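*Asks:* Model the structure of this input:
(one chain, ligands or ions: 2)
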Amino acid sequence: MTSNLLKIGFIGGGKMAQAMAKGFISAGLAKGETMISSCHPSDLASAKAFKELGAESLFENVPVVKKSDVIIVSVKPSVVPIALGDIKKAADVKADKLFLSIAMGVTIKQLEQFLPSESRVVRVMPNTPALVRSGTSVFVTGSRATEKDAETTKKLLQAVGTCEQVPEGLLDAITALSGSGPAYIYVLIEALADGGVKMGLPRDLAYRLASQTVLGAAQMVRDTNTHPGVLKDDVTSPAGSTAAGLHFLEQKGFRAAVIGAIEAATQRCREVAQSDPTK
Ligand SMILES: NC(=O)C1=CN([C@@H]2O[C@H](COP(=O)(O)OP(=O)(O)OC[C@H]3O[C@@H](n4cnc5c(N)ncnc54)[C@H](OP(=O)(O)O)[C@@H]3O)[C@@H](O)[C@H]2O)C=CC1
Ligand SMILES: O=C(O)[C@@H]1CCC=N1
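*Replies:* Numbers count the residues shown, from 1 in each chain. Ligands and ions are numbered 1, 2, ... in the order given. Model (predicted):
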């Protein structure tokens, strides 16, 4: 039965779109045939990836809007005005639909200007672990979005992880933390494994241990409601190995580097938000 499922369209079929599409399928919220994407003609790999899911894959944006109930705008920020401009220019498209934009730094105000006046907008910041239904998403509703649109957004995003409604003023910092965050953690996992290999561990064992350790530590913070500093102290035995490792990290400025990374990424989002997205 596919008739009760929302028809989900993706404008831009790249990495984040594919992660969400795969998450929706594994959550039972979509089937390949209830999704459709538009890809840039130069991006045959993304078109192929959507076709492999059983979804239709086109090289035009307007038919995606026509055929979908909810449209996920998943192109790069600089492409958003071009892609949404295609829809505004099209005379024969009824655009009174829900558009979820995941583009970093593109504000609700800009999105509402780029789209036809009848379109309803929600701005979302997801992350790639949506693919394995462990995503972290937040959303902001636009001026024309209804309560039902907020419910639809929550239903889609909670199926692939967590989802919270937030004020738009927090979105740049959230993009820096949870939108970009998986990349920082992958670097940490690589570094943990590299350290293990340096000290004699086989590479595959080192990756298994590093990834499970990150997963377990994250679950401890989330599920025990205990301050991470207390959890850190629980690991750190007097005169033990952890204290030696932590001392080294502090000497190298680990904590300051992570804080600086969030600040730099937030700043980049602000630059994009303040720039003319058509340039
Ligand atoms: N990746 C992530 O972890 C996250 C990304 N985002 C946001 O998602 C959006 C997409 O990011 P991401 O998936 O990483 O980027 P990708 O480059 O992987 O995906 C964007 C896709 O859009 C295609 N495209 C370019 N022009 C057009 C057009 N005119 N019409 C339709 N499609 C077009 C691109 O093709 P081509 O490559 O040929 O240009 C590409 O396949 C960005 O706005 C980003 O800020 C948000 C949260 C997390
Ligand atoms: O790097 C980026 O710009 C996007 C936004 C958050 C994650 N990826």
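
*Asks:* got the residue ranges for the helices in this structure?
*Replies:* Using DSSP state H, the helices found in the chain span residues 15-26, 44-52, 62-67, 80-89, 108-114, 147-158, 171-174, 181-198, 203-224, 228-235, 241-251, 254-274.

*Asks:* I'd like to know which of these is closest to residue 98.
*Replies:* helix 147-158 (5.0 Å; Cβ to Cβ). Any C-beta I mention is one placed from the backbone N, CA and C, and that applies to glycine too.

*Asks:* List the buried residues in that closest one.
*Replies:* Across helix 147-158, burial judged by 16 or more other Cβ atoms under 10 Å covers 149-150, 152-154, 156-158.

*Asks:* Kindly report the same for stretch 200-218.
*Replies:* Across stretch 200-218, burial judged by 16+ other Cβ under 10 Å covers 201, 206-207, 210.

*Asks:* can you list contacts of it?
*Replies:* 185, 188-190, 192-194, 196-197, 231 (Cβ atoms under 8 Å, 6 or more residues apart in numbering).

*Asks:* Report pLDDT for the residue lying closest to residue 66 once chain neighbours are set aside.
*Replies:* Excluding the flanking residues, the one nearest residue 66 by Cβ to Cβ, 6 or more residues apart in numbering is residue 93, at 5.6 Å. pLDDT, residue 93: 89.

*Asks:* Return the residues in contact with residue 93.
*Replies:* 62, 65-66, 87, 116.

*Asks:* Once you drop chain neighbours, what's closest to residue 124?
*Replies:* Nearest one to residue 124, counting by Cβ to Cβ, 6+ apart, is residue 139 at 4.6 Å.

*Asks:* And residue 198, how far from residue 121?
*Replies:* Residue 198 sits 49 Å away from residue 121, taking Cβ to Cβ, to the nearest Å as the criterion.

*Asks:* possible to save the helices of the chain as a markdown table with distance to residue 34 and mean pLDDT?
*Replies:* As requested, these are exported to a markdown table (distance: least, Cβ to Cβ, whole Å; pLDDT from 0 to 100):
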| stretch | distance to residue 34 | mean pLDDT |
| --- | --- | --- |
| helix 15-26 | 9 | 98 |
| helix 44-52 | 12 | 96 |
| helix 62-67 | 10 | 96 |
| helix 80-89 | 21 | 95 |
| helix 108-114 | 24 | 96 |
| helix 147-158 | 12 | 98 |
| helix 171-174 | 29 | 98 |
| helix 181-198 | 27 | 98 |
| helix 203-224 | 31 | 98 |
| helix 228-235 | 40 | 98 |
| helix 241-251 | 47 | 98 |
| helix 254-274 | 32 | 96 |
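
*Asks:* Format the ones you listed as TSV; extra columns: distance to ligand 2.
*Replies:* Shown next, in TSV, are these (distance: least, Cβ to the nearest ligand atom, whole Å):
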stretch	distance to ligand 2
helix 15-26	7
helix 44-52	16
helix 62-67	21
helix 80-89	13
helix 108-114	16
helix 147-158	15
helix 171-174	9
helix 181-198	7
helix 203-224	18
helix 228-235	23
helix 241-251	25
helix 254-274	7
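
*Asks:* just the residues of the stretch 101-250 of the chain that are near ligand 1, which are they?
*Replies:* Residues of the stretch 101-250 of the chain that fall close to ligand 1, judged by Cβ under 6 Å from any ligand atom: 102-104, 125-128, 179.

*Asks:* Restricting to the residues you listed, which residues neighbour ligand 2?
*Replies:* Checking these against ligand 2 (Cβ under 6 Å from any ligand atom), the matches are 104, 179.

*Asks:* which one of residue 198 and residue 121 has more residues nearby?
*Replies:* Neighbour totals were compared for residue 198 and residue 121, and residue 121 leads with 24 against 9 (other Cβ atoms under 10 Å).

*Asks:* So what does the spatially closest residue to that one that is not a sequence neighbour have for phi and psi?
*Replies:* Distances taken as Cβ to Cβ, 6+ apart put residue 142 closest to residue 121, at 3.4 Å, once the chain neighbours are dropped. For residue 142, the backbone dihedrals (degrees, to the nearest 10) come out as phi -80, psi 180.

*Asks:* Quick check: the residue of the stretch 1-150 of the chain found nearest ligand 2 vs residue 90, distance?
*Replies:* Relative to ligand 2, the nearest point of the stretch 1-150 of the chain is residue 104 (3.9 Å; Cβ to the nearest ligand atom). Distance, residue 104 to residue 90, by Cβ to Cβ: 26 Å.
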